[in-house]
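> Turn this into a model:
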Amino acid sequence: MLKNLFILTIIVAFAVTFAIGYWINTCETYLKNNYVTLELHIEKGESFNKTYNKIFKHLDTPPFFKSYLKYVYHFASNRKFGYYRADDMPLSQLIKNIKNGTQYNIKVTFPEGYNIYDIAKQLDKADIIKYSVFIDNVTDKDFVKNITGKQYPSLEGFLYPDTYYFPKSADPADVAKLMYQNFLQMLPEIFESKVNKYGLDMYEGVILASIVQKETYSKSEYPIVASVFYNRLKKGMRLQSDPTIIYGVYPIFDGNLQDKHLENAGNPYNTYQHSGLPPTPICSPSKGALKGVANPADTDYLYFVAGENGSHLFSETYREHVNKVNRHQK
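Numbering: from 1, shown residues only. This next block holds a predicted model:
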């Protein structure tokens, strides 16, 4: 009797073990052999059932498949919130991505000379961060100090222009930190000590680099344009830079710079009406513009006017400048 019971117990145990093994193998095979195409946003604190339904609600799964994911695969306790995308991807890879937090990243490029408003529009268009959310953060002094450790009024000038990959609905702090760290890496060596020689601190050097960036598209002209502004500052002349005025009326500028803009002393960025540098940078300068400000050309130029093919004509005197304006801007 006991012998028969023992044999029966062994048979049952073997059968159960076989059944469990078969069930696990069936579930694993299902994950490997079934492909899905979907976009998935897992919210912070989202329940396992909600995540499960987003993925498997309309799929024909093996028996007790939810239990397999929860207790065998430990998917319930190992999900990372975020944005995921599958393009004809095996379910096994999608689940692995969610467990590891390997989100789908969106490629976004910020050209040289973009300001925070341009960057915000690009991020919003790509569904990475809402425009207003990004602007509110990068102009918040506490947020800025947390990113830079400095008391800057905003992150304008410190979000380096480059190509980045961000997840959908990204954290503004993560985006800003990455762009700021890139700025620090691109900042020319001993930048601050170099601009100090010309009477500027580090922040003022970035301000000037942003103006140089907006004034010319020619990389070879960066040091020359920088020298013009250094010379004007040294002589106590106003910078008279159109891009600074335009920034002061952002983001509502319609592309048409008028006399009323030039005459508006209420615009603190109006360098026709106010002496010295504007209050903040006006865009994100490139490494080239930063280098141009750190190593300006040795010139006596005080003026420049647009020439052909995006280049400029430089002058030492106002009379010479007027003659070039009359010849090339008719």
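> Tell me which residues of the helix or strand where Ala173 lies come out buried.
Per DSSP states H and E: Ala173 is located in helix 172-186. Across helix 172-186, burial judged by 16 or more other C-beta atoms under 10 Å covers Pro172, Val175, Ala176, Leu178, Met179, Tyr180, Asn182, Phe183, Met186. The way it works is simple: take the backbone N, C-alpha and C, and place the C-beta from them, glycine included.
> Turn those into CSV, including pLDDT and distance to Asn323.
Below are those laid out as CSV (pLDDT from 0 to 100; distance: C-beta to C-beta, whole Å):
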residue, pLDDT, distance to Asn323
Pro172, 97, 50
Val175, 97, 48
Ala176, 98, 47
Leu178, 97, 48
Met179, 98, 43
Tyr180, 98, 45
Asn182, 97, 43
Phe183, 98, 40
Met186, 96, 39
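> need these in a markdown table with distance to Ile224, can you?
Below are these laid out as a markdown table (distance: C-beta to C-beta, whole Å):
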| residue | distance to Ile224 |
| --- | --- |
| Pro172 | 37 |
| Val175 | 34 |
| Ala176 | 32 |
| Leu178 | 32 |
| Met179 | 28 |
| Tyr180 | 29 |
| Asn182 | 26 |
| Phe183 | 24 |
| Met186 | 21 |
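> How about Ser241, nearest residue that isn't a chain neighbour?
Leaving aside its chain neighbours, Ser241 sits nearest to Thr271 (4.9 Å; criterion: C-beta to C-beta, 6 or more residues apart in numbering).
> Could you pull up the residues touching the one you found?
Contacts here follow C-beta atoms under 8 Å, 6 or more residues apart in numbering; on that basis Thr271 touches Arg238, Leu239, Gln240, Ser241, Thr244, Ile245, Leu277, Pro278.
> Farthest pair within the buried residues of helix 172-186?
Pro172 and Met186 (21.1 Å; C-beta to C-beta).
> Drop anything exposed from the contacts of Thr271.
Leu239, Ser241, Thr244, Ile245, Leu277, Pro278.
> Please name the residues that touch Val138.
Residues near Val138 by C-beta under 8 Å, 6+ apart: Ile116, Ala120, Val144, Ser154, Leu155, Glu156, Leu159, Pro172, Ala176.
> Next, the closest residue to His274 other than its chain neighbours: secondary structure please.
Sequence neighbours aside, Pro268 is the residue nearest to His274 in space, at 6.6 Å (criterion: C-beta to C-beta, 6+ apart). What DSSP: H, G, I helix; E, B strand; the rest coil gives for Pro268 is coil.
> same deal with the one 4 residues further on?
The three-state label given to Tyr272 by three-state DSSP is coil.
> Looks like it contacts Gly248 (just checking).
No - in terms of C-beta atoms under 8 Å, Tyr272 does not count as a neighbour of Gly248; the distance is 10.9 Å.
> more neighbours, the two?
A count of neighbours by other C-beta atoms under 10 Å puts Gly248 above the other of Tyr272 and Gly248, at 20 against 17.
> Kindly list the main-chain dihedrals of Phe166?
phi -120, psi 150 (degrees, to the nearest 10).
> does it have beta-bridge partners, and which?
Assessed by DSSP bridges, Phe166 has beta-bridge partners Ile106.
> if I look at it, how far off is Thr109?
Noted for Phe166: a distance of 11 Å to Thr109, by C-beta to C-beta, to the nearest Å.
> Let me know the helix or strand that Arg327 is in.
Using DSSP H and E, Arg327 falls in helix 318-328.
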